[in-house]
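Asker: Sequence plus predicted model, see below.
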Amino acid sequence: MRVVVIGTFPAATKERIVGSFPADWTVFAGTAAEAEGQLRDADVAIPEHIRVDDAFLGRAPRLAMVQTGAGYDNVDIAACTYQAGACGPAASPAPAWMCTSRSRCRRTARCGICPTYC
(Lines give C-alpha, C1' and ligand atoms only; values in the text may rest on other atoms or scores of the structure.)
Protein backbone atom coordinates (compact mmCIF):
# COMPACT_ATOMS: atom_id res chain seq x y z
CA MET A 1 0.00 0.00 0.00
CA ARG A 2 1.37 3.40 -0.97
CA VAL A 3 -0.01 6.39 0.96
CA VAL A 4 0.70 10.05 0.21
CA VAL A 5 -0.16 12.56 2.94
CA ILE A 6 -0.06 16.10 1.56
CA GLY A 7 0.35 19.13 3.78
CA THR A 8 2.85 21.36 5.51
CA PHE A 9 4.13 19.53 8.58
CA PRO A 10 7.04 20.02 10.98
CA ALA A 11 9.63 17.21 10.83
CA ALA A 12 8.42 15.63 14.08
CA THR A 13 4.85 15.51 12.77
CA LYS A 14 5.99 13.87 9.52
CA GLU A 15 7.70 11.17 11.57
CA ARG A 16 4.54 10.58 13.63
CA ILE A 17 2.41 10.41 10.48
CA VAL A 18 4.68 7.88 8.79
CA GLY A 19 5.01 5.88 12.02
CA SER A 20 1.25 5.57 12.45
CA PHE A 21 0.85 3.31 9.40
CA PRO A 22 1.76 -0.40 9.16
CA ALA A 23 5.50 -0.93 8.74
CA ASP A 24 5.12 -2.69 5.40
CA TRP A 25 3.30 0.27 3.81
CA THR A 26 5.14 2.95 1.87
CA VAL A 27 4.10 6.30 3.35
CA PHE A 28 5.18 9.76 2.23
CA ALA A 29 4.28 12.97 4.06
CA GLY A 30 5.17 16.36 2.61
CA THR A 31 4.08 19.47 0.80
CA ALA A 32 2.20 19.40 -2.51
CA ALA A 33 5.41 20.19 -4.39
CA GLU A 34 7.31 17.44 -2.56
CA ALA A 35 4.49 14.94 -3.11
CA GLU A 36 4.26 15.52 -6.84
CA GLY A 37 6.61 12.67 -7.71
CA GLN A 38 4.91 10.32 -5.23
CA LEU A 39 1.38 10.59 -6.63
CA ARG A 40 1.93 8.41 -9.69
CA ASP A 41 2.19 5.27 -7.55
CA ALA A 42 -0.16 6.26 -4.70
CA ASP A 43 -3.04 4.00 -3.69
CA VAL A 44 -4.31 6.44 -1.05
CA ALA A 45 -4.08 10.23 -0.89
CA ILE A 46 -4.69 12.21 2.27
CA PRO A 47 -4.72 15.84 1.10
CA GLU A 48 -4.77 18.63 3.65
CA HIS A 49 -6.28 21.73 2.02
CA ILE A 50 -5.32 20.47 -1.46
CA ARG A 51 -7.86 20.45 -4.29
CA VAL A 52 -8.61 16.94 -5.57
CA ASP A 53 -9.81 17.56 -9.12
CA ASP A 54 -9.20 16.31 -12.67
CA ALA A 55 -5.63 17.63 -12.69
CA PHE A 56 -4.80 16.00 -9.34
CA LEU A 57 -6.39 12.68 -10.33
CA GLY A 58 -4.52 12.73 -13.64
CA ARG A 59 -1.26 12.73 -11.68
CA ALA A 60 -2.45 9.81 -9.52
CA PRO A 61 -3.65 7.07 -11.89
CA ARG A 62 -3.51 4.24 -9.30
CA LEU A 63 -5.43 6.15 -6.65
CA ALA A 64 -8.04 4.00 -4.90
CA MET A 65 -9.05 6.28 -2.04
CA VAL A 66 -9.00 9.92 -0.97
CA GLN A 67 -9.22 10.38 2.80
CA THR A 68 -10.21 13.83 4.02
CA GLY A 69 -10.47 15.37 7.47
CA ALA A 70 -13.41 17.38 8.75
CA GLY A 71 -14.96 17.97 5.33
CA TYR A 72 -14.67 17.21 1.65
CA ASP A 73 -15.14 20.61 0.05
CA ASN A 74 -11.67 20.20 -1.51
CA VAL A 75 -12.76 17.01 -3.34
CA ASP A 76 -14.40 17.27 -6.75
CA ILE A 77 -16.79 14.32 -6.44
CA ALA A 78 -17.80 14.49 -10.11
CA ALA A 79 -14.14 14.29 -11.17
CA CYS A 80 -13.56 11.27 -8.92
CA THR A 81 -16.62 9.56 -10.33
CA TYR A 82 -15.71 10.32 -13.95
CA GLN A 83 -12.02 9.41 -13.66
CA ALA A 84 -12.42 6.29 -11.55
CA GLY A 85 -15.83 4.90 -12.43
CA ALA A 86 -16.97 4.78 -8.80
CA CYS A 87 -16.96 7.31 -6.03
CA GLY A 88 -18.78 7.34 -2.76
CA PRO A 89 -18.41 7.77 0.97
CA ALA A 90 -16.52 5.05 2.79
CA ALA A 91 -17.33 3.88 6.29
CA SER A 92 -14.92 5.89 8.38
CA PRO A 93 -14.98 8.33 11.31
CA ALA A 94 -13.66 10.97 8.90
CA PRO A 95 -14.96 11.46 5.36
CA ALA A 96 -13.28 9.18 2.86
CA TRP A 97 -14.07 9.00 -0.80
CA MET A 98 -13.50 5.72 -2.50
CA CYS A 99 -12.30 6.31 -6.02
CA THR A 100 -12.21 2.77 -7.29
CA SER A 101 -10.93 2.00 -10.76
CA ARG A 102 -13.12 -0.25 -12.87
CA SER A 103 -10.37 -2.89 -12.91
CA ARG A 104 -10.45 -3.13 -9.09
CA CYS A 105 -14.20 -2.83 -8.53
CA ARG A 106 -15.97 -6.00 -7.41
CA ARG A 107 -19.52 -4.70 -7.64
CA THR A 108 -21.88 -6.58 -9.90
CA ALA A 109 -24.65 -3.99 -10.02
CA ARG A 110 -25.04 -0.24 -9.98
CA CYS A 111 -23.68 1.36 -6.82
CA GLY A 112 -26.19 4.19 -7.00
CA ILE A 113 -23.50 6.80 -7.50
CA CYS A 114 -21.69 5.61 -10.61
CA PRO A 115 -22.91 6.84 -13.98
CA THR A 116 -22.23 3.34 -15.40
CA TYR A 117 -21.85 -0.15 -14.04
CA CYS A 118 -18.64 -0.44 -12.06
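Answerer: Yes, it's here. Numbering: from 1, shown residues only.
Asker: T8 contacts A29, doesn't it?
Answerer: No. Using CB atoms under 8 Å, T8 makes no contact with A29, being 10.1 Å away. Just so you know, the C-beta spots here come from the backbone N, C-alpha and C atoms, and that holds for glycine as well.
Asker: Compare these two (neighbour count), which wins?
Answerer: Neighbour tally, T8 and A29, criterion other CB atoms under 10 Å: the higher count belongs to A29, 24 against 11.
Asker: Name the helix or strand for the more buried one, please.
Answerer: In this structure, A29 sits in strand 26-30 according to DSSP states H and E.
Asker: what residues does that strand touch?
Answerer: With contact meaning CB atoms under 8 Å, 6 or more residues apart in numbering, strand 26-30 is reached by 1-7, 9, 13-14, 17-18, 21, 34-35, 38.
Asker: In PyMOL, how would I select just the buried ones from those?
Answerer: A single PyMOL command selects the buried members of those (16 or more other CB atoms under 10 Å):
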select buried, resi 2+3+4+5+6+7+9+14+17+35+38
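Asker: In strands only, show me the contacts of strand 26-30.
Answerer: R2, V3, V4, V5, I6 (DSSP state E).
Asker: Kindly state the beta-bridge partners for the first one.
Answerer: Partner residues in beta bridges with R2, using DSSP bridges, are T26.
Asker: wait, it sits on V44?
Answerer: Yes. Taking CB under 8 Å as the definition, R2 is a contact partner of V44 at 7.3 Å.
Asker: Okay, helices next: where are they in this structure?
Answerer: In the chain, the segments counted as helices under DSSP state H are 11-19, 32-35, 54-58, 77-84.
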